[in-house]
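Participant: Take this sequence and fold it.
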Amino acid sequence: MSHELRLRHPPDAVVSVSATSRWFVRDTAPMRRIHWLAEHATGRMVARGALRVRIDPRAFVPIPAAPVEIVGTIAPMPLLIVHGHRDRYFTLEHPRALAAAAGESAQMWLVPEFGHAEAGLSPGLLDRIGTSLASLATAGPGGPGETAASAHRGGAVVQSR
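Facilitator: So this is what the prediction gives:
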């Protein structure tokens, strides 16, 4: 099944928070548990009964391209990759791989006190992301041209290209 949706107006910028760089990652205990729930009939039964979640065993058929394979297509649109040092699901290898594959239009923030996604997101970090998104969007393709010299800002380690 193909979803060839075309946007009337492309986004001005993209933000990625706590993203994986590839599918079927099992390098952390939480991801091994999630895969057991999704890939085994017993796991799906546990998910349905205990978590009240239904998991389609064919959800990844066919397997989509890995995020690291397609993140480069976002350019020249500005991309902000935000990832926490305390993310229990995805290691720091993932944002680094995404940033390397994304190219010059990407910025990466590695946030020391941040965990994973919405469960670890503080109002202050959300405000910083929103402010940065607004400046990225107004800067247009190529972003605001920050450099690695702005290495520490607002609690986030900023690594720009």
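Participant: just the helices in this protein please.
Facilitator: Using DSSP state H, the helices of the chain run over 29-39, 41-46, 67-70, 93-102, 117-120, 123-139.
Participant: Enumerate every residue touching the spatially most central residue of the chain.
Facilitator: Centroid check for the chain by Cα atoms, centre = their mean gives residue 19 as the closest residue, at 2.3 Å. With contact taken as Cβ atoms under 8 Å, 6 or more residues apart in numbering, residue 19 is in contact with 67, 81, 83, 90, 94-95, 98. Bear in mind the C-beta positions are built from the backbone N, C-alpha and C, glycine included.
Participant: Tell me, how many residues neighbour the nearest residue to residue 17 once chain neighbours are set aside?
Facilitator: The shortest distance from residue 17 to any residue other than its chain neighbours is 4.8 Å, reached at residue 82 (Cβ to Cβ, 6 or more residues apart in numbering). Using other Cβ atoms under 10 Å, the number of residues around residue 82 comes to 24.
Participant: how near is residue 82 to residue 103?
Facilitator: 18 Å (Cβ to Cβ, to the nearest Å).
Participant: same deal with residue 125?
Facilitator: Look at residue 125 and residue 103: by Cβ to Cβ, they are 25 Å apart.
Participant: Repeat that for residue 36.
Facilitator: Where residue 103 is concerned, residue 36 sits at a distance of 36 Å (Cβ to Cβ).
Participant: What of residue 62?
Facilitator: Taking Cβ to Cβ, one finds residue 62 at 27 Å from residue 103.
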